[in-house]
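*Asks:* Pasted the sequence and its predicted model underneath.
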Amino acid sequence: MINNKDKVAVIFGVRNDRSIAYDIALKLHQSGCKIAVGYVEDTKEDVLYLLQQLGVSNQLAAPVDVRDEGQIKDFLTKVHKELGPIDYLLHGVAYGSQAVICNTLPGSDAPAPSYIDIPFEDLMDSFNISAYSLLRIARVAEPLLADNASILTLTYNASQRVIPGYAGMSINKAALENMVLYLADYFRAKKVRVNALSPGLVMTTSAGGINGVRKIRKIGKLTAPLGNIDSDDVGNAALYYFSNLSTKITGNIHFVDGGFHVMGVSIDE
């Protein structure tokens, strides 16, 4: 096991035990990290319960709206004051309304919203939460980071390819990946590395709300050379970036998708 004893990790994006961010938080905790968690208010009960199950104090768990720079600053400043410089930072937040992802809820017979009709206001809100928040968090965290710190975010292959039921969120992921590149360059003087994991489809709570997601999962099982993944696979990959093993790796988009991204066509029965 990677030894992260006394390292300080801040995680944004834990919703429940099906969250990819939760599995990453679990791996960080098991490796010896002191962890702090920023969550959204409506997930408070689940998040605090999970921390209790891990034996982690909830004193450094707080509701944080990543659209609000003041809330981010208050949270990260408190973490820095209580635990010291921040070694690891996970940006695992994303949100898009049904009008943005151009899909309907499972069981609905209503036609899916059209890509060409994505409302500007909805798209900008999802961009603010899903992409720009990385820049905002990095800006606030900059003076609070430890030497050789690592920042990691979560993207998706839909940034490069058409994935049904993702639509406008793909715009956000493409922007997020570009931010990773520019932040990697920006932080060169401080030796802070910035990378992204690009997981395959994982059955999180958010994914479960997409109509047709099980069909996409079935296609992934058949098409990816190594088959579908789960959140544990993503957590293991994240631990590499949240360790001294990756001290010279930055600006990387790391696929954790069983090899799905190398395929030119899908394979179906």
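*Replies:* Yep, it's here. Residues are numbered from 1 along each chain as shown.

*Asks:* Need the residues that contact the top helix by length along the chain.
*Replies:* In the chain, with assignment by DSSP state H, the single longest helix is helix 168-186. In this structure, residues lying in contact with helix 168-186 by CB atoms under 8 Å, 6 or more residues apart in numbering are 94, 96, 99-102, 115, 118, 122-123, 126-127, 130-132, 134-135, 138, 151, 153, 155-156, 158-160, 162-163, 193-196, 250-251, 253. In this view, the C-beta of every residue, glycine as well, is placed from N, C-alpha and C.

*Asks:* low-scoring stretches of this structure, by residue?
*Replies:* Along the chain, the parts satisfying pLDDT under 70 run over 203-213, 268-269.

*Asks:* what's the domain layout of it?
*Replies:* 29-63, 66-76+85-219+234-257 (automatic domain parsing).

*Asks:* Among these, which comes closest to residue 264?
*Replies:* Set against residue 264 and scored by CB to CB, these come closest in domain 66-76+85-219+234-257, at 10.5 Å.

*Asks:* Spatially nearest residue to the most centrally placed residue in the chain (excluding sequence neighbours)?
*Replies:* Centre of the chain computed as the mean C-alpha position; nearest residue by CA atoms, centre = their mean is residue 92, 2.4 Å away. If the residues on either side of it in the chain are set aside, residue 92 comes closest to residue 13, at 2.7 Å by CB to CB, 6 or more residues apart in numbering.

*Asks:* burial measure for that neighbour, as a count.
*Replies:* 24 (other CB atoms under 10 Å).

*Asks:* Distance of it relative to residue 107?
*Replies:* 27 Å (CB to CB, to the nearest Å).

*Asks:* One more: residue 12?
*Replies:* 31 Å.

*Asks:* For the stretch 151-269 of the chain, which segments count as strands?
*Replies:* 193-199, 253-256 (DSSP state E, counting those that start in this stretch).

*Asks:* Residue 54 and residue 29 touch, don't they?
*Replies:* Yes. Between residue 54 and residue 29 there is a contact at 5.6 Å, judged by CB atoms under 8 Å.

*Asks:* out of these two, which sits in the busier spot?
*Replies:* Looking at residue 54 and residue 29 with other CB under 10 Å, you find the greater number of neighbours at residue 29, namely 18 against 14.

*Asks:* Please, which helix or strand holds that one?
*Replies:* helix 20-30 (DSSP states H and E).

*Asks:* for that helix, packing partners?
*Replies:* strand 8-12, strand 34-39, helix 44-54, strand 86-91, helix 231-241 (3 or more CB pairs under 8 Å, 6 or more residues apart in numbering; DSSP states H and E).

*Asks:* and the angle for it with strand 86-91?
*Replies:* Calculated by axes from the mean of the first three to the mean of the last three CA atoms, to 10 degrees, helix 20-30 forms an angle of 160 degrees with strand 86-91.

*Asks:* Okay, buried residues for helix 20-30 please.
*Replies:* For helix 20-30, a neighbour-count test (16 or more other CB atoms under 10 Å) marks 20-29 as buried.

*Asks:* Extract the CA atoms of that helix and return them as CSV.
*Replies:* Provided in CSV are the C-alpha atoms of helix 20-30 (Å, rounded to 0.1, in the frame of the first residue of the first chain):
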residue,chain,number,x,y,z
ILE,A,20,-16.3,7.8,-7.5
ALA,A,21,-15.1,10.6,-5.1
TYR,A,22,-16.0,8.4,-2.1
ASP,A,23,-13.9,5.5,-3.3
ILE,A,24,-11.0,7.9,-3.8
ALA,A,25,-11.5,9.3,-0.3
LEU,A,26,-11.6,5.8,1.0
LYS,A,27,-8.3,4.9,-0.7
LEU,A,28,-6.7,8.1,0.6
HIS,A,29,-7.9,7.4,4.1
GLN,A,30,-6.6,3.8,4.0
